[in-house]
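> Dropping the sequence and predicted coords here.
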Amino acid sequence: SQTIHQWPATLVQPVGSPLSLECTVEGTSNPNLYWYRQAAGRGLQLLFYSVGIGQISSEVPQNLSASRPQDRQFILSSKKLLLSDSGFYLCAWGQGASYNEQFFGPGTRLTVL
Amino acid sequence: KQEVTQIPAALSVPEGENLVLNCSFTDSAIYNLQWFRQDPGKGLTSLLLIQSSQREQTSGRLNASLDKSSGRSTLYIAASQPGDSATYLCAALLGAGSYQLTFGKGTKLSVIP
């Protein structure tokens, strides 16, 4: 069966510090991978998605970047965090066509102080 | 731009009651609609996926319907239990080539024992 992992589970970082969040998927190959952010009072927002190694698409301009160094690894990064980067970050995966079901990880709670 | 609305934002029902959660979307050209459950501080659990060619999907006590012409989807929960208490989110995918799910802000369900 497929499993998706995210770490860390929680993170508190000062403004201006760098960020690296990691997501890995087990039990599948060549998945589509997604990064979402859920901010208080707002719906989930798609940040990035990837259909293959080294292929990253960004949905919104922001202070963040994503990378996919391996087939089942997806990383969300920032060089300098802003207060507005606080939120709940969720990684998801899907198989095959974009209209197939998406499955979400446990999330990372990021607080920027 | 696709917008997804879930009303009410919160719902409280006694245990054993059947209930319906509503989801409306502005663009009828959706490709699929997915219902999720989110427990506090946790990731999303996929409940049901309805493709645009389908009218409904069932899983256990859950039944989701899709009416593209009216821009509505409903999630029916039969014989509600306290363990059903969670936030329920719907998300629409616009277009076969799109990777972006547009989420509603969710309905927070409380089932009172």
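Structure's in. What do you need?

> for B:Asp27, what are its contacts?
By Cβ atoms under 8 Å, 6 or more residues apart in numbering or on different chains, the contact set of B:Asp27 is B:2, B:71, B:92, B:94. No exception for glycine: its C-beta is placed from N, CA and C like everyone else's.

> Mark which of the residues you listed are part of strands, please.
Counting by DSSP state E, the contacts of B:Asp27 place B:92, B:94 in strands.

> Now B:Arg61. Nearest residue, chain neighbours left out?
With sequence-adjacent residues excluded and distances taken as Cβ to Cβ, 6 or more residues apart in numbering or on different chains, B:Arg61 is closest to B:Ala78, at 4.4 Å.

> list the helices and strands the helix or strand of chain B with the lowest mean pLDDT packs on?
Confidence across the helices and strands of chain B bottoms out at strand B:101-103, with a mean of 91, counting by mean pLDDT, DSSP states H and E. Using 3 or more Cβ pairs under 8 Å, 6 or more residues apart in numbering or on different chains; DSSP states H and E, the elements in contact with strand B:101-103 are strand A:44-52, strand B:86-94.

> and A:Asp85, what are its phi and psi?
For A:Asp85, the backbone dihedrals are phi -80, psi -10 (criterion: degrees, to the nearest 10).

> what's across from the closest residue in space to it that isn't next to it in sequence in the sheet?
In space, and not counting its chain neighbours, A:Asp85 is closest to A:Val112: 5.2 Å by Cβ to Cβ, 6+ apart. Beta-bridge pairing for A:Val112 (DSSP bridges): A:Gln13.

> right, and A:Val112 touches A:Leu81 too?
Yes. In this structure A:Val112 lies within contact range of A:Leu81 using Cβ atoms under 8 Å: 4.9 Å.

> Overlap in contacts, the two.
Counting by Cβ under 8 Å, 6+ apart, the contacts common to A:Val112 and A:Leu81 are A:13-15.

> distance between stretch B:9-20 and the chain's centre?
14 Å (Cα atoms, centre = their mean, to the nearest Å).

> cool, and stretch A:31-51?
Computed by Cα atoms, centre = their mean, the chain-centroid distance of stretch A:31-51 equals 6 Å.

> CA-only coordinates of that stretch, as CSV, when you get a sec.
In CSV, the C-alpha atoms belonging to stretch A:31-51 read as follows (Å, rounded to 0.1, in the frame of the first residue of the first chain):
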residue,chain,number,x,y,z
PRO,A,31,3.5,9.9,-8.8
ASN,A,32,2.3,13.4,-9.3
LEU,A,33,3.3,15.4,-6.2
TYR,A,34,1.7,18.5,-4.8
TRP,A,35,2.4,21.1,-2.1
TYR,A,36,-0.6,22.9,-0.6
ARG,A,37,-0.9,25.5,2.2
GLN,A,38,-3.8,25.9,4.5
ALA,A,39,-3.9,29.3,6.3
ALA,A,40,-6.2,30.2,9.1
GLY,A,41,-9.7,31.1,7.8
ARG,A,42,-8.7,30.3,4.2
GLY,A,43,-9.2,27.3,2.0
LEU,A,44,-6.3,25.1,0.8
GLN,A,45,-4.2,26.7,-1.8
LEU,A,46,-2.1,24.8,-4.3
LEU,A,47,1.5,26.1,-4.3
PHE,A,48,3.4,23.7,-6.5
TYR,A,49,3.0,20.5,-8.4
SER,A,50,5.3,18.1,-10.1
VAL,A,51,4.7,15.4,-12.7
